[in-house]
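K.L.:
Here is the input, now give the coordinates:
(2 chains)
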Amino acid sequence: MLKIDGLSKRFGDKIAVDRVTVAVDKPAMIGIIGRSGAGKSTLLRMINRLTDATEGAIIFEGEDITALRGAARRAWQSRCAMIFQQFNLVPRMDVVSNVLHGTLNRRSTLATMFNLYPQEDIHRAIEILDRLGIAEQAAKRTEALSGGQQQRVAIARALMQNPRLILADEPIASLDPMNAQIVMDSLRRIHEEDGLLVICNLHTLDTARRYCDRVIGMRDGRVVFDGAPEMLTTATAREIYGAGEDFSEAATSTEIETLDGAEEIRLAEACV
Amino acid sequence: MHAHGEIGRIQASYMAEVRRKRLYGGLTLLLFTVLMVAGFVIVDERSAGGFWDGLHRLDDYMSEVVAEAWQRRAELPGLIAKYFPALVETVNIAAVSTLLGVLGGLVLSLLSTRRLARWPRLIPLFRRLSDIMRALPEIVIALMLIFVMGGGPVPAVIAIAIHTAGALGKLFSEVAENADLKPVEGLASTGANWSQQMILGVLSQVAPNYISYGLLRFEINVRASAILGFVGAGGIGYELRNAMSWGPGRFAEAAAIFVLLFGTIVFFDQLSSRMRNRLTEGEGQ
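P.N.:
Down below sits the predicted model:
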């Protein structure tokens, strides 16, 4: 359904994404791992068309996304929801309004300015919030919520878009382990229940192993690993992170379980 | 997650809030429209000529000025050179009054900022003082001073400086409110007095913003001092009033002055935006 073909992005003489080619044939949960600066964010931003590609193509169900302009590009963006590390919500507006922003592509500027959303949209927004377990916060200002709750509002906004795929750019990097787990569980559940393609940038290996069906490893803008999480050996992980002999998964972990005891690490290493 | 009833309750209460907000929004919009229309009708009725009757004459006047200026276009460079000294006087008035206003605004702002003020109890006094200075239009102060002291640039300088001090006092104080207090506390711990704390601890933080606001005010003051020329404060405004009110035959002079004024404002606008850019870029270094 999604085909990325020789996609590159240059900033001046620095190359952020270097001829990335990836094919996805059915909805899956895909984790992109790599250290910061590996080009993960730029890749997701190019898929959403927040950033223009320098060369290469992104084909979604036969349509060339990279060539879209104006209203067609915005229509694509509404089908391709994005979740950010810093949530990127409007802090001074209430939670439901932020979720309703997921419908902006279908509404006129004037209608949204005067808050004239249809009742069925408002009801649906609250149902989505309920599905994510934060319906009680509906009328609160978004800035009053905790980080984990705000990220769930962002996921609700993404779902409100009725997307075909969800891109998540380091969705748990600003969260504590407890909230990180809630957010990752929600994304996994959405993938399983709604059959959506979810592409998720992660900087820790164990999260990718635990939640994803497929892992793509990036280093210096290039794809250096693409396969099932079980195929990811410690040697490959070291190559992705550019780390030495002392590298272990526990060192990059943010999971409660791995931090709590050595049990999980041993299990993970048994898989390796 | 919830039983259906619970969700229904949340939806109903949120919808009630949305309806209330929409009602307020609609009422505000209605009020705004009514005020706009009513205000326009009143102004139109009470004006001597009437807006719609005079509208087409605006066009006539402009075309007369342009036509005459075009006819006498050969004289324009000479006229521009003739009025250049008057322009220098106007810019001079603006520069002196901006300097005085910045100094006044600086003192007023520090005295009326919470957590910084020398006498915290007098904050309301200094705030009202800068409100009053800001509320008085330059032209009112200038007319009063010209009546007392006679025409010339000094009344204009005082009038503009008073208004500038009031306006900058408010803007400066908003910047100072966001200043980091830790350096001030550090200086206080060494036994520094209030002025030393302000100059070394606060001004070094807010200087780029203050200079940027000061330059913006200078641009505004060039226009203000040109207008004050109309009421006898000298400079290019005085020449413009003469040229405009004497009517046909002097429209080329008016056009030359417009060109000069326009050029000056563009020049200082460019200059100050360059300087402001340099200030904000230099911040990191």
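K.L.:
Now look at the one helix or strand B:Gly5 maps to and say if it contacts chain A.
P.N.:
Element membership of B:Gly5, judged by DSSP states H and E, is helix B:4-46. Yes: legend: contact between helix B:4-46 and chain A by CB under 8 Å from any CB of the partner chain is shown at B:6-7, B:10-11, B:13-15, B:17-18, B:21-22, B:25, B:29. Placement of C-beta: from N, CA and C, glycine included.
K.L.:
which is the next helix or strand following that helix?
P.N.:
Scanning forward in sequence from helix B:4-46 by DSSP H and E, the next helix or strand is helix B:51-71.
K.L.:
Show me what that next one is packed against.
P.N.:
In terms of contacts (3 or more CB pairs under 8 Å, 6 or more residues apart in numbering or on different chains; DSSP states H and E), helix B:51-71 is packed against helix B:4-46, helix B:251-282.
K.L.:
per-residue confidence averaged over the longest one?
P.N.:
Average pLDDT, helix B:4-46: 90.
K.L.:
between it and helix B:51-71, how many degrees?
P.N.:
Between the axis of helix B:4-46 and that of helix B:51-71 there is an angle of 70 degrees, by axes from the mean of the first three to the mean of the last three CA atoms, to 10 degrees.
K.L.:
Could you chop chain B up by domain?
P.N.:
Using automatic domain parsing, the domain ranges for chain B come out as B:4-46, B:62-282.
K.L.:
Give me the buried positions along the strand or helix carrying B:Ser97.
P.N.:
With the criterion set as DSSP H and E, the secondary-structure element containing B:Ser97 is helix B:76-111. In terms of neighbour count (16 or more other CB atoms under 10 Å in any protein chain shown), helix B:76-111 has its buried residues at B:76, B:79-80, B:83, B:86-87, B:89-91, B:93-94, B:96-98, B:100-102, B:104-106, B:108-111.
K.L.:
Quick check: mean pLDDT of that helix?
P.N.:
91.
K.L.:
how big is the angle separating it from helix B:251-282?
P.N.:
Here helix B:76-111 runs at 40 degrees with respect to helix B:251-282, directions being taken by the same axes, to 10 degrees.
K.L.:
was I right about A:Lys3 contacting A:Val24?
P.N.:
Yes: contact status for A:Lys3 versus A:Val24: in contact at 7.5 Å, counting by CB atoms under 8 Å.
K.L.:
Secondary structure of A:Asp226: a strand, I assume?
P.N.:
Yes: secondary structure of A:Asp226, determined by DSSP: H, G, I helix; E, B strand; the rest coil: located in a strand.
K.L.:
Quickly find the element holding the residue nearest to it when sequence neighbours are not counted.
P.N.:
With CB to CB, 6 or more residues apart in numbering or on different chains as the measure, A:Ile216 is the residue that lies nearest to A:Asp226, at 5.0 Å, once sequence neighbours are left out. Per DSSP H and E: A:Ile216 is located in strand A:214-219.
K.L.:
got it, and A:Arg124?
P.N.:
With the criterion set as DSSP H and E, the secondary-structure element containing A:Arg124 is helix A:119-131.
K.L.:
other SSEs contacting that helix?
P.N.:
With contacts defined as 3+ CB pairs under 8 Å, 6+ apart, helix A:119-131 has these neighbours: helix A:95-100, helix A:147-160, helix B:4-46.
K.L.:
Among these, which comes closest to B:Ile162?
P.N.:
The closest approach between B:Ile162 and any of those, judged by CB to CB, belongs to helix B:4-46 at 28.7 Å.
K.L.:
What is the closest one packed up against?
P.N.:
Helices and strands touching helix B:4-46, as assessed by 3+ CB pairs under 8 Å, 6+ apart, comprise helix A:119-131, helix B:51-71.
K.L.:
Sounds good, over and out.
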